[in-house]
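Student: what would the 3D arrangement of this be:
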Amino acid sequence: MIATIARHTFTEAVRDGRFRVAAGLVVILVTLSGLLGWQAVRALEREAAGASNAERSRWLGQGDKNPHSAAHYGVYAFKTPRPLAVLDPGVQPYLGSILYLEAHRQNEPLYRPAQDTTAAARLGDLSAALVGRTLLPLLVILLGFAALAGERESGTLRQLLSLGVTPRALLAGKALGLGGALALVLIPPALLGLAAATMLAPPGQRGDEWARAVLWIGVHALYATTFLFLTLAVSARVRSSRIAIVVLLTFWLVTVVAWPRLLSDLGRWWHPTPSQLAFRDALDAALGDPHGRETLEVQRQAILKHYGVTSTADLPVNWAGIALQFGEERANGLFDRHYGAVWSTLDAQDRLFQFGSLASPAPALQLLSQALTGNDTGHHRAFLRQAETHRRAMQVTLNGALRDSKSSPSPFRWETIPVFHYQPPVLREALAPLVPSLALLFAWSAAAAAAALWSVRHLTPR
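Tutor: Model (predicted):
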């Protein structure tokens with residue numbers, strides 16, 4: 001009986017002109033945004049590869065010079081785009097992917113794509129993730145709002161119940177049939193994600209990207225299932241399909257459209273971050289603290305005592321290299337403290353947004369989608385951390401060469417400084433901070449199914 005109801009519901013759904021138009025529009029938007037995303041990822045890959053090669057040639061070709069001058073000459077670190085950005089570019093357009101690594105400073109990313117766009121260009125931020133998060137539940141509502149309320153209005157519900165069809169069997173058949181119709185909409189992004197993981201990912205990362213693509217489709221299917229059961233629950237409880245669609249559209253507007261934006265605003269208000277100017281002023285003030293010079297003098301006296309001399313000119317090593325490295329290490333501690341405070345604030349904003357999923361499944365899906373595609377703040381933070389580690393290692397090497405230049409004045413070999421390569425976190429590491437989001441999304445789906453089961457227990461023909 002369940003299979004019969006499911007087949008009938010599926011056939012009715014795919015024959016319904018309203019569903020075909022709405023589903024076709026969603027598929028077109030997903031496909032178009034995915035193809036544009038694919039084109040953008042390929043273009044960014046080419047640009048990053050070309051810029052990285054040119055940067056390496058610039059560094060190797062700088063000639064014979066003081067190692068500290070080379071430290072100020074600096075290098076650029078590039079973050080290659082993630083393959084699944086074709087589905088969800090996440091926060092990457094607003095955070096940038098190029099970092100200048102130089103002596104004495106920890107810089108912020110340069111050339112954020114969003115800085116080069118006009119306000120009208122924000123309309124072009126369409127992605128498969130945005131369509132899935134906002135329009136997919138709307139499609140579910142339009143498809144299922146009359147699934148049970150319409151049966152009651154047309155009088156067929158009485159006939160079904162009189163034939164011995166139990167309310168649970170009717171619910172299961174309706175859910176399977178409508179779910180099958182909705183699965184057709186998920187095929188294009190699934191194929192797009194798997195193709196991107198296969199063709200755009202480096203060979204060593206393809207397995208991880210495949211797992212990410214499969215999970216991306218999985219969480220969107222779970223999200224759609226949540227709205228499907230909520231739609232059936234409302235359709236079973238209300239007296240008419242008109243009331244059902246009003247209730248469901250109101251729920252969609254509040255939980256999918258308004259609530260995530262409100263959460264973002266609440267996070268910035270509750271956990272404000274300093275402006276870039278205020279942050280830089282505070283950091284510069286800390287770096288210029290005169291106590292740093294006092295500590296350096298203590299270090300100088302210790303070095304003189306260690307070598308048994310009274311002047312830095314009598315040291316067997318170059319004091320300038322030692323002093324510069326001491327300044328780097330002192331600055332590193334200040335960088336860690338000031339940037340750590342900002343990241344702690346951003347983490348607090350993310351936690352607020354994450355637990356906002358108690359009131360709506362949309363924030364959880366947004367966070368999971370960005371993490372799975374490698375374009376969330378966690379992946380960006382990993383890029384910054386790896387680039388800063390590379391910068392510090394580079395300063396240790398260059399200052400060490402300057403320190404030893406008194407006894408071995410041979411020219412520095414610039415190829416000693418390796419090329420920076422960003423290694424994205426593996427899937428397990430990327431999802432670790434988002435276990436609550438995943439649990440809340442499952443909880444929403446389970447609660448929606450329970451609500452639907454409870455609603456059909458009271459299903460009556462009138």
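Student: can you count the residues close to the closest residue to L184 other than its chain neighbours?
Tutor: Excluding the flanking residues, the one nearest L184 by Cβ to Cβ, 6 or more residues apart in numbering is A23, at 6.9 Å. C-betas here are computed from N, CA, C, even on glycine. Other residues near A23 come to 21 when the count uses other Cβ atoms under 10 Å.
Student: list the contacts of A23.
Tutor: 139, 181, 184-185 (Cβ atoms under 8 Å, 6 or more residues apart in numbering).
Student: repeat the analysis, applying 7 Å as the threshold.
Tutor: If you count contacts by Cβ atoms under 7 Å, 6 or more residues apart in numbering, A23 has them with 139, 184-185.
Student: return the subset of those lying in helices.
Tutor: Among the contacts of A23, the ones falling in helices (DSSP state H) are 139, 184-185.
Student: max-length helix in the protein?
Tutor: When the chain is scanned for its longest helix (criterion: DSSP H), the result is helix 17-60.
Student: beyond it, next helix or strand please.
Tutor: helix 67-73 (DSSP states H and E).
Student: mind putting the ones in helices among the contacts of A23 in JSON lines, pLDDT included?
Tutor: Listed next are the ones in helices among the contacts of A23 as JSON lines, based on pLDDT from 0 to 100:
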{"residue": "L139", "pLDDT": "94"}
{"residue": "L184", "pLDDT": "91"}
{"residue": "V185", "pLDDT": "92"}
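Student: by neighbours, which of those residues wins?
Tutor: Highest count within these by other Cβ under 10 Å belongs to V185, 24 neighbours.
Student: would TSV of the contacts of A23 with distance to G327 be doable?
Tutor: Output for the contacts of A23, formatted as TSV (distance: Cβ to Cβ, whole Å):
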residue	distance to G327
L139	59
L184	62
V185	58
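Student: so where is the stretch 301-450 of the chain shaky, pLDDT-wise?
Tutor: Applying pLDDT under 70 to the stretch 301-450 of the chain flags residues 407-410.
Student: the helices in it, which residues?
Tutor: Shown for the stretch 301-450 of the chain, the helices assigned by DSSP state H, counting those that start in this stretch span residues 319-355, 361-372, 377-403, 427-431, 435-457.
Student: so the residue nearest to G144 when sequence neighbours are not counted is in which element?
Tutor: Distance criterion Cβ to Cβ, 6+ apart; nearest residue to G144, sequence neighbours excluded, is T231 at 4.1 Å. According to DSSP H and E, T231 maps onto helix 206-237.
Student: for that helix, buried residues please.
Tutor: 208-210, 212-213, 215-217, 219-237 (16 or more other Cβ atoms under 10 Å).
Student: over to stretch 299-307?
Tutor: For stretch 299-307, the neighbour count (16+ other Cβ under 10 Å) marks 300, 303-304 as buried.
Student: for stretch 95-103, same thing?
Tutor: Neighbour counts using 16+ other Cβ under 10 Å place 95-99, 101-103 of stretch 95-103 among the buried residues.
Student: by pLDDT, rank these and give me the bottom one.
Tutor: Of all those, G96 carries the smallest pLDDT score, 81.
Student: can you pull the contacts of the residue nearest to that one when sequence neighbours are not counted?
Tutor: Using Cβ to Cβ, 6+ apart and skipping the chain neighbours, the partner closest in space to G96 is P109 (3.1 Å). Each residue near P109 by Cβ under 7 Å, 6+ apart is listed here: 95-99.
Student: distance of P109 relative to F78?
Tutor: Distance of P109 to F78, given as Cβ to Cβ, to the nearest Å: 10 Å.
Student: hey, what's in contact with both of these two?
Tutor: With contacts defined as Cβ under 7 Å, 6+ apart, the residues adjacent to both P109 and F78 are 97-98.
Student: contacting residues for A197?
Tutor: Contacts here follow Cβ under 7 Å, 6+ apart; on that basis A197 touches 83-84, 206, 209-210, 212-213.
Student: nearest spatial neighbour of it, skipping sequence neighbours?
Tutor: Once flanking residues are discounted, A197 sits nearest to E209: 3.7 Å by Cβ to Cβ, 6+ apart.
Student: check what pLDDT that neighbour gets.
Tutor: Reported pLDDT for E209: 95.
Student: please report how far it lies from A190.
Tutor: For E209 relative to A190 (Cβ to Cβ), the value is 14 Å.
Student: number of nearby residues for H68?
Tutor: Neighbours of H68 using other Cβ under 10 Å come to 17.
Student: surely it touches L402?
Tutor: Yes. H68 sits in contact with L402 when judged by Cβ atoms under 7 Å, with a separation of 5.6 Å.
Student: okay, and the common contacts of those two?
Tutor: With Cβ under 7 Å, 6+ apart as the test, H68 and L402 both reach L324.
Student: now the residue most central in space within the chain. Its backbone dihedrals?
Tutor: Nearest to the centroid of the C-alpha atoms of the chain, with distances taken as Cα atoms, centre = their mean, sits D376, at 2.0 Å. Per-residue torsions, D376: phi -110, psi -180 (degrees, to the nearest 10).
Student: show me the contacts for the residue lying closest to it once chain neighbours are set aside.
Tutor: Nearest non-adjacent residue to D376, counting by Cβ to Cβ, 6+ apart: Q370, 3.7 Å away. Contacts here follow Cβ under 7 Å, 6+ apart; on that basis Q370 touches 88, 90-91, 376.
Student: can you tell me which of the residues you listed lies nearest to F251?
Tutor: Nearest to F251 among those, counting by Cβ to Cβ, is D88 at 23.9 Å.
Student: distance of the nearest residue to the closest one once chain neighbours are set aside from D350?
Tutor: Closest residue to D88 in three dimensions, ignoring its sequence neighbours and counting by Cβ to Cβ, 6+ apart: A129, at 3.5 Å. Using Cβ to Cβ, we find A129 at a distance of 17 Å from D350.
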